[in-house]
Structures are given as C-alpha cells and as structure tokens.
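Trainee: Here's my sequence, what's the structure:
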Amino acid sequence: MTKLTRYDVELLAADPNPVTRARTMLRVAETYGASPLSEIEREIALAIIDIILPEAEVNVRSALSKAVKNSPHLDPGLARRLAFDVLEVADPILSHSMALSDEDLVEVIEHCGIGHAQSIALRPSHSVVVSDALIGTEDETIVTRISANDNSAISVRGLHRILNRFGDSTIIVESVSARQALPNAIVERLTTLVTGRILEKLIGRYDVPAHRVALILHHAREHFLLQSVAGNSAETLRVFTLRLLDNRLLTASLIVRALAIGQFSFLLQALSIKSRLPVANVRRMIADDGGRGQGELYDQCGLDRAYRALFSRLLYEARHFRVTRDGLAPDGWFDRAIPLLKHGLRVYDPEWNEEQLVTEALIEIEQASDSSHRPPLQYANGGRQ
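Mentor: Numbers count the residues shown, from 1 in each chain. Below you'll find the predicted structure:
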C-alpha cells in the first residue's frame, strides 16, 4: 500500500468481512510503521485502525502493536490504547515505543497488572519519575532490572526505597553498588550492606575514610539489633533486653537510637531495666509536661551524660506518642524527631534517611564527648534537659 485515500476508509467501512478488515488494518499498520506518510495519509491510516481496532481479536491487536512499536510517528492516542490493552497487546508498545509520555507510563504502572510494569522495566532507559514508580511496585524482577540499568535514572529516595525493601538481596545490592555516581548518603549506607571485595571497591571508588566506615558499621549493628526485635511482645522484649544488659550491650547509644527511631516498646523495657523502676513509673516520668521527668529518668538509668541533652529533648517530644504494636515509629514521630536530630549537627546531608540521620547525631555526640577541644553537644532554644 503506497498511498492512502478517503476512498480506502469508505471501502473498509462497507466491507462486512472481519478477516478482510483485519488484514487491511495490518497492512495499513505496516505502512504506518515503516513508511514516511503525509499528514493526510497518517490521519487516514488512523481512521482505518480506529474502525477495526475495537472488533479485532487479541492476536490481531498484538500484531498491530508489533507493527507500530518502533514507528517514530506513532500517534500518542493509539499508543495509549495499546498500552492499556491486555499484556500480549501492550508489551511491544510498553517496552519499545517512544510515543508514550512519562505520565502515560506511570499511569500504566499504577493501574495495570505487574506484567505491564515488567514490560516497562525492559525499556532501554527511564526517567526518574518512571523509575520511582517502578520501584514502588516492590517487584523483585523489576527492581533488579532498574538497579542494573545505569540508563534508568533513580532518585535518592528511590535508592533508599530499594535498600529498605531489598537490602538482603545480594544481586540487587551489588547492582546498586555498581551504579555510576552514587550520592554519598547511598554509598555510606551500602557500606553496611556489602562485604569483601564489593565493599573494598566501593570504599576505593568513593574514597570513604576507614575510620568513618568503622563508625557507621558499629551504629548499623545497633540499628539491626533493634530492627530484629521490632514487633515482639513486651515479655519477649524484656527477656531480650535483660540479655543485652548481661552482655553489656544495653548502651546509651542503643537506647537513644531506639528513642530516635520511635521504637518505644523496646525503649520502655530498656529504661525500666536500667532505672530499676516499674514500666508504669517510667511512663509517668516520660509523660511529665514540666520537662524535668525525662532528664531525671535518664539520670536514674546511670547512662553516659554525653547523650543526656538529646535524649531529654527527644523524650519530651515523645511523651504523648503511643507505643505501636509493630514496633515501628508511630505516625508523625519523625516530624518531631528530625529537627532535634539535625539541630546539633555541624554537617547535614539532606539525602540521609532517618537511620543515617540518627547515626550522624550519635557520632557527633561521641566525637564531641571524646574531644578536648569542644564541649559536649548542647541544644539551644530553651531545650529541656
């Protein structure tokens, strides 16, 4: 078919034979996909496709999709229709066609099945908004593809989300480690997830000081310890906390971390054991609106005074938050905690996640306490200590 006219549309509309109509549409599609057409011819081709597409069987629609997938002039409206079709029809368009906008791709990801999203993940490149939407599916196949594709732009938030969900997947973590030009916050987080030669390469590529890696790993172990017991019953947490005490692992930094990340169920048991007070009394001291009970509770525990200021301010903000059954931070907690954690930092990286921010605040306290050139960390603005 070298030229399309309005007469072709009229003939097609008058032809009742579905086989003939399907064949005609596919011939038109081949011409549409392979040959440069005039504006009028493109309009006629689309008119022919529009007439037949609603009645076409899946195999015909799939053949149409394959015929036009690489067309540089594919009509965006037709591309969308095919993209939202069943997967057999949608796959060629989703994995190849440049006629779909980022908004179209995100809409498909959000409203179609996981198979459609997996097809989109096969595209040679992805914008940040599409990559983040794909990561949001939390599908391991998709995330593996995106992580390993340096042409898939991923936001820092997206990288954190990958590591949050798939931090125990060697393939995914190593793929993230191998990506080019990682942000410092992600590099430092990866040092807690990779080992051996992967860790050596990562440290070498980004020139991370060995002493800083050691500090990060120490605090990562404490964070992992807390995460491993999140959601357990009060009785189980008390037994676990007593075991930590016996092994000299119930440290001030561990307790302050539990408070900072909103793991209040563990915190109550830890403070009760360290202070030798019943949990009910601990709760009353935490709830003191006057701002003295929090500091007095810390003193009763006999913990390192270097952490007292941060602990007291955080605990004062926590006084009206409830313990969650799953051991996670209650809603709204980080909105209160993050400004307090940031306040004492000399250097702040907005790309840190909550865990890293807690680690940096604790490291800052430890370094200030060990230094003879600076006093322990202080908090301004009338902070209760």
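Trainee: Can you tell me how far Ile273 is from Val256?
Mentor: Note on Ile273: its distance to Val256, by Cβ to Cβ, to the nearest Å, is 15 Å. For every residue, glycine as well, the C-beta is placed using N, CA and C.
Trainee: More neighbours: which of the two?
Mentor: Shown here are Ile273 and Val256; by other Cβ atoms under 10 Å, Val256 has more neighbours (26 against 18).
Trainee: element containing that one?
Mentor: helix 252-260 (DSSP states H and E).
Trainee: who touches that helix?
Mentor: With contacts defined as Cβ atoms under 8 Å, 6 or more residues apart in numbering, helix 252-260 is touched by 219, 222-223, 225-226, 244, 264, 266-267, 270-271, 274, 301, 303-304, 306-307, 310-311, 314-315, 318, 337, 341, 358, 361-362, 366.
Trainee: Name the next helix or strand following that helix along the chain.
Mentor: helix 264-275.
Trainee: just the angle between that following helix and helix 252-260, please?
Mentor: 140 degrees (axes from the mean of the first three to the mean of the last three Cα atoms, to 10 degrees).
Trainee: pLDDT averaged over helix 264-275 - what is it?
Mentor: In this model, helix 264-275 has a mean pLDDT of 97.
Trainee: How far does that helix sit from its chain's centre?
Mentor: The chain centroid and the centroid of helix 264-275 are separated by 31 Å under Cα atoms, centre = their mean, to the nearest Å.
Trainee: Mind listing residues that contact it?
Mentor: With Cβ under 8 Å, 6+ apart as the criterion, helix 264-275 contacts 226, 229-230, 232, 234, 237-238, 241-242, 244-245, 250, 254-255, 258-259, 277-279, 282-283, 297, 300-303, 318, 321-324, 327, 330.
Trainee: Tell me the buried residues in whichever helix or strand comes after that helix?
Mentor: Next along the chain after helix 264-275, taking DSSP H and E as the criterion, comes helix 279-286. Using 16 or more other Cβ atoms under 10 Å as the test for burial, helix 279-286 gives Val282, Met285, Ile286.
Trainee: From the residues you listed, pick the one nearest Ser95.
Mentor: Distance to Ser95, by Cβ to Cβ, is smallest for Ile286 among the buried residues of helix 279-286, at 54.8 Å.
Trainee: I'd like the next helix or strand past the longest helix seen in the chain.
Mentor: For the chain, the helix that runs over the most residues, judged by DSSP state H, is helix 210-229. Towards the C-terminus, the helix or strand next in line after helix 210-229, according to DSSP H and E, is helix 234-246.
Trainee: Lovely, talk soon.
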